[in-house]
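Enquirer: mind folding the following:
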Amino acid sequence: MIRKITLVIVTVFCIQLCFSQNIRKIRLDDIAALMDTSTTPLIINFWATWCQPCVHEIPWFEKNIEALQGKKVKLLLVNLDFLQYYPKAIAAFAKEHGYHSEIVWLEDMNREDFIKKISNRYSGTIPISILVNNARHYRRYFEQQLPEERFKQELQKLIEN
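Expert: The predicted structure is shown next:
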């Protein structure tokens, strides 16, 4: 009986460990450096748990990237929630919504820095998606929710040779 209980506890712990998000902090300098040095096509999506358009588009981002089968495209979800949500509430939200892409939390929220480092067109709204393919000198900036069909088109442009 004790072995069965121990086995159940260990199994539950392992499942929880496998499906929980390890959300690390990131700075704008790190994101800018990643954009400049990425050797694979990269999509950076700025989002928050309270942003309905953000929450709505992430599942089709993940689904369409997975459908590429063999094409290496990285999706980095940069969370902009308040400090009190980091990391537990963000991780719980991601688990509840089935997000499996890498999630990081932006720890420096100075709007001027954000504008200078990411885009001079930033108006302060989210979601924001930046598509980068350094091998092709390709960079696109979207400060809006991307409908799924539009995202598919932009994804194809990102990976074209």
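Enquirer: so Ser123 versus Gln144, what's the distance?
Expert: Applying Cβ to Cβ, to the nearest Å, the value for Ser123 to Gln144 is 10 Å. All C-beta atoms are positioned from the backbone trio N, CA, C, and that covers glycine.
Enquirer: of the two, which one has the most company?
Expert: Gln144 (13 against 8; other Cβ atoms under 10 Å).
Enquirer: and the spatially closest residue to that one that is not a sequence neighbour, how many neighbours?
Expert: Excluding its sequence neighbours, the residue lying closest to Gln144 (Cβ to Cβ, 6 or more residues apart in numbering) is Pro127, at 7.2 Å. If you count neighbours by other Cβ under 10 Å, Pro127 ends up with 23.
Enquirer: now do the host helix or strand of Ile31: distance to the chain's middle.
Expert: Using DSSP states H and E, the element containing Ile31 is helix 28-37. Relative to its parent chain, helix 28-37 has a centroid offset of 14 Å by Cα atoms, centre = their mean, to the nearest Å.
Enquirer: likewise stretch 154-161?
Expert: That offset, for stretch 154-161, works out to 18 Å (Cα atoms, centre = their mean).
Enquirer: report the buried residues of it.
Expert: Across stretch 154-161, burial judged by 16 or more other Cβ atoms under 10 Å covers Glu154, Leu155, Leu158, Ile159.
Enquirer: average pLDDT across it?
Expert: Averaged over stretch 154-161, pLDDT sits at 91.
Enquirer: what does that stretch contact?
Expert: 41, 43, 64-65, 68, 71, 73, 131-133, 136, 138, 140, 142, 146 (Cβ atoms under 8 Å, 6 or more residues apart in numbering).
Enquirer: related to what we said a few turns ago, quick one: list the elements packing against the helix holding Ile31.
Expert: strand 42-47, strand 74-79, helix 111-118 (3 or more Cβ pairs under 8 Å, 6 or more residues apart in numbering; DSSP states H and E).
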